[in-house]
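> got a predicted model here, sequence first, then my questions.
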Number of protein chains: 2
Amino acid sequence: MKISTRGRYGLKAMVDIAENCSEGCVSLKSIAERTNLSESYLEQLIASLKKAGLVKSTRGANGGYTLTRPPEDISVGDILRVVEGPLKLVECLSDKESCGMGDCSLCATRDVWARLSESVSEAADNISLSELI
Amino acid sequence: MKISTRGRYGLKAMVDIAENCSEGCVSLKSIAERTNLSESYLEQLIASLKKAGLVKSTRGANGGYTLTRPPEDISVGDILRVVEGPLKLVECLSDKESCGMGDCSLCATRDVWARLSESVSEAADNISLSELI
DNA sequence: CATTATTCCGAGTATTTTACTCGGCATTAA
DNA sequence: TTAATGCCGAGTAAAATACTCGGAATAATG
């Protein structure tokens, strides 16, 4: 039960953007340099973040990325859901069809996963990006 | 960020044992039949649970497994730690060496993972096996 | 207008992890 | 002695992860 590099790098990238976007925007290259992460891989992650509306971009020379909202309005949960997918510890909490035949709401253990997932989710929603800079 | 089959099946198996071990012990085969999981795969998981002291076995004909403690004294956290490994969302919380060079306690995001991990852990420790039967 | 810095896009690939399977030995009840 | 079980170690197929790469589109700058 680990967070993948998408989650780890994605959060690092967002922290970096938040820390450096005060004047204009930050280029992918500079993010990669500061965070010491692969530029091409970061590109993918930031594409997701952009699609989800957490960052916006300007193209061309001097282009780059900025946050769309102030860091206090962006939670770790917002970020993780974008780069990691739903904060649910088992598939069947997001997708009812996924638990094979039978009604998975009858499964004794399902409620366990729901409670654990809820607890991560809540914790993640209660940490804002502004706390990390 | 998903629980693997080890976690899912492991918990199911423990619930099954708890539900059926009242008179003597339950065989691997019967667990596999009731839970509809692969016998040989379950064997591995139960081996871990045994090694960790959550179940004990008797060999030979009529053998099988039982809990070592009453189900109210076994938490979901106990079980998950055995089959899934430490309930830490990133490696560097269990193994300091794992975060490459540099002191990872300085990493701004580390505390995030610590808080989220703590929150899963706490939730898991507060659900006992007896609640699931 | 040419050049350069940048984002954007889609596809491809190597590595790692997961999720198993299998064969055979060891032990014990009947 | 036989049959039912647990025990052990190794092997393997599939899936997911963690990337890389090449090139097109866009915009500032000289």
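Everything's here; your move.

> in chain A, what residue lies closest to DNA strand D?
Across chain A, the shortest distance to DNA strand D (C-beta to the nearest atom of the strand) belongs to A:Gly60, at 2.2 Å. For glycine as for every other residue, the C-beta is placed from the backbone atoms N, C-alpha and C.

> that residue in helix, strand or coil?
Going by DSSP: H, G, I helix; E, B strand; the rest coil, the secondary structure assigned to A:Gly60 is coil.

> can you count the residues close to it?
5 (other C-beta atoms under 10 Å in any protein chain shown).

> confidence score at it?
Note on A:Gly60: pLDDT of 96.

> poorly predicted segments of chain A, please.
A:97, A:100-103 (pLDDT under 70).

> near DNA strand C, which residues of chain A are found?
A:2, A:26-29, A:40, A:43-44, A:46-47, A:50, A:57-65 (C-beta under 7 Å from any atom of the strand).

> can you select the buried ones among those residues for me in PyMOL?
Buried members of those, defined by 16 or more other C-beta atoms under 10 Å in any protein chain shown, are picked up in PyMOL with:
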select buried, chain A and resi 2+26+27+28+46+64+65
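
> okay, A:Lys12 and B:Gly24: tell me how far apart.
Per C-beta to C-beta, to the nearest Å, A:Lys12 is found 54 Å from B:Gly24.

> which one of the two has more residues nearby?
A:Lys12 (22 against 12).

> find the nearest non-adjacent residue to the more buried one, please.
A:Thr35 (5.1 Å; C-beta to C-beta, 6 or more residues apart in numbering or on different chains).

> what about the one you found, distance to B:Leu28?
48 Å.

> what does A:Leu87 give?
Plainly put, A:Leu87 is 34 Å away from B:Leu28 if you go by C-beta to C-beta.

> now swap in A:Cys92 and tell me
On the measure of C-beta to C-beta, A:Cys92 and B:Leu28 end up 25 Å apart.

> chain A: helices as residue ranges?
Under the criterion DSSP state H, chain A contains helices at A:5-20, A:28-35, A:39-51, A:76-84, A:110-125.

> what angle separates the fourth one from helix A:110-125?
With axes from the mean of the first three to the mean of the last three C-alpha atoms, to 10 degrees as the criterion, the two stretches helix A:76-84 and helix A:110-125 enclose an angle of 110 degrees.

> now for helix A:76-84, which elements pack on it?
Applying 3 or more C-beta pairs under 8 Å, 6 or more residues apart in numbering or on different chains; DSSP states H and E, we find helix A:76-84 packed against helix A:5-20, helix A:39-51, helix A:110-125.

> quick one, which of the ones you listed is packed in tightest?
helix A:5-20 (a mean of 22; mean count of other C-beta atoms under 10 Å in any protein chain shown).
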